[in-house]
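*Asks:* curious how this folds, go ahead:
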Amino acid sequence: MYKKAYLVLILFFLNSTIAFAQVDYDDEIQPIFNQNCVSCHGGTSGVTLSSYDAVMNSVGDQYGTDIVVPGEPDESPLVDKIETNPDFGVRMPQGGPNLSNEEINLIRDWIEEGANEVPVSNEIVTELPDGFKLNGNYPNPFNPTTVISFEVPEAVAYRVHIYTIHGALVEEIAGNAKAGEVSVSIELNDRPSGVYFYQVIATAGNEKYLLGSKSMTLVK
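*Replies:* Next up is the predicted model:
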């Protein structure tokens with residue numbers, strides 16, 4: 001039974017197409033800023049929203065950090081300021097009207113995808129360039145925490161997908177990493193004992209790289 005399920009899941013990894021929503025900054029994000037934000041934020045509080053480069057180099061004085069944290073909309077001051085009850089000051093645009101839910105979700109999606117200027121290709125590269133490597137996880141077997149390790153030659157956004165032996169997605173972890181060895185802690189405290197599979201995808205520039213898929217065993 002497990003052998004059959006293992007083979008089915010391997011075929012799933014090899015043949016499935018992973019779909020990623022794509023947001024085009026110039027066509028979808030900048031027009032929101034032009035209509036609602038640029039008149040006030042040509043440099044106010046360290047924030048300039050008149051172009052992609054200006055946005056990505058803007059630091060909010062109240063937050064003391066970049067207003068956009070690629071891959072992390074909940075950690076991005078830009079998102080905090082356009083949603084209800086911001087941590088500092090009043091909600092933007094100041095004086096309203098507020099951005100629509102569709103506009104806010106579009107900005108969140110853009111940041112979640114990596115805050116790229118040009119949409120990243122949906123194609124996932126499986127022939128890895130030098131420097132990309134999935135090392136594995138340790139300990140294995142584990143209970144209930146293990147650490148997945150991989151290597152990248154440049155700064156990337158990454159996603160780790162955890163699947164049951166039957167191919168059901170049980171957890172997804174997203175983050176950003178600098179060049180070098182990257183460690184991602186996985187905790188399956190609420191999952192039953194058994195074999196699980198994980199898949200690591202790294203995004204660098206306009207390319208997505210499938211670093212590989214491996215199995216791990218949870219023993220309680």
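
*Asks:* what is Tyr158 paired to in the beta sheet?
*Replies:* Taking DSSP bridges as the rule, Tyr158 bridges to Gly175, Ala202.

*Asks:* which SS state does Ile104 fall under?
*Replies:* Under DSSP: H, G, I helix; E, B strand; the rest coil, the three-state class of Ile104 is helix.

*Asks:* how about it, nearest residue that isn't a chain neighbour?
*Replies:* Nearest in space to Ile104, with sequence neighbours left out and distances taken as Cβ to Cβ, 6 or more residues apart in numbering, is Ile82 at 5.8 Å. For the C-beta atoms, the positions are set from N, CA and C on the backbone; glycine is no exception.

*Asks:* let me see the mean pLDDT of stretch 142-157.
*Replies:* For stretch 142-157, the mean pLDDT works out to 95.

*Asks:* kindly check the end-to-end length of it for me.
*Replies:* One end of stretch 142-157 sits 26 Å from the other (Cα to Cα, to the nearest Å).

*Asks:* for stretch 58-76, same thing?
*Replies:* Its start and end residues considered, stretch 58-76 measures 11 Å (Cα to Cα).

*Asks:* ok, back up a step: show me the contacts for the residue nearest to Ile104.
*Replies:* Going by Cβ atoms under 8 Å, 6 or more residues apart in numbering, Ile82 touches Arg91, Met92, Pro93, Asn98, Leu99, Ile104, Ile107.

*Asks:* give the buried residues for the helix or strand hosting the last one.
*Replies:* Assigning secondary structure by DSSP states H and E places Ile107 in helix 101-112. Of the residues in helix 101-112, those with enough neighbours to count as buried (16 or more other Cβ atoms under 10 Å) are Glu103, Ile104, Leu106, Ile107, Arg108, Trp110, Ile111, Glu112.

*Asks:* likewise for stretch 182-200?
*Replies:* Buried, per 16+ other Cβ under 10 Å, within stretch 182-200: Val182, Val184, Ile186, Leu188, Val195, Tyr196, Phe197, Tyr198, Gln199, Val200.

*Asks:* and that stretch, how far out from the chain middle?
*Replies:* 18 Å (Cα atoms, centre = their mean, to the nearest Å).

*Asks:* can I get it as PDB, trimmed to CA atoms?
*Replies:* What follows is stretch 182-200 as a C-alpha-only set of coordinates in PDB (Å, rounded to 0.1, in the frame of the first residue of the first chain):
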ATOM      1  CA  VAL A 182      19.100  27.800   4.300                       C
ATOM      2  CA  SER A 183      17.400  26.000   7.200                       C
ATOM      3  CA  VAL A 184      13.600  25.800   7.500                       C
ATOM      4  CA  SER A 185      12.100  24.300  10.600                       C
ATOM      5  CA  ILE A 186       9.000  22.100  10.200                       C
ATOM      6  CA  GLU A 187       6.700  21.100  13.000                       C
ATOM      7  CA  LEU A 188       4.100  18.400  12.500                       C
ATOM      8  CA  ASN A 189       2.800  18.300  16.100                       C
ATOM      9  CA  ASP A 190      -0.800  17.900  15.100                       C
ATOM     10  CA  ARG A 191      -0.200  15.300  12.400                       C
ATOM     11  CA  PRO A 192      -0.300  11.500  12.800                       C
ATOM     12  CA  SER A 193       2.800   9.300  12.500                       C
ATOM     13  CA  GLY A 194       3.700   8.300   9.000                       C
ATOM     14  CA  VAL A 195       5.600   9.200   5.800                       C
ATOM     15  CA  TYR A 196       5.400  12.700   4.500                       C
ATOM     16  CA  PHE A 197       7.000  14.300   1.400                       C
ATOM     17  CA  TYR A 198       8.300  17.800   1.000                       C
ATOM     18  CA  GLN A 199       9.000  19.900  -2.100                       C
ATOM     19  CA  VAL A 200      11.200  23.100  -2.200                       C
END
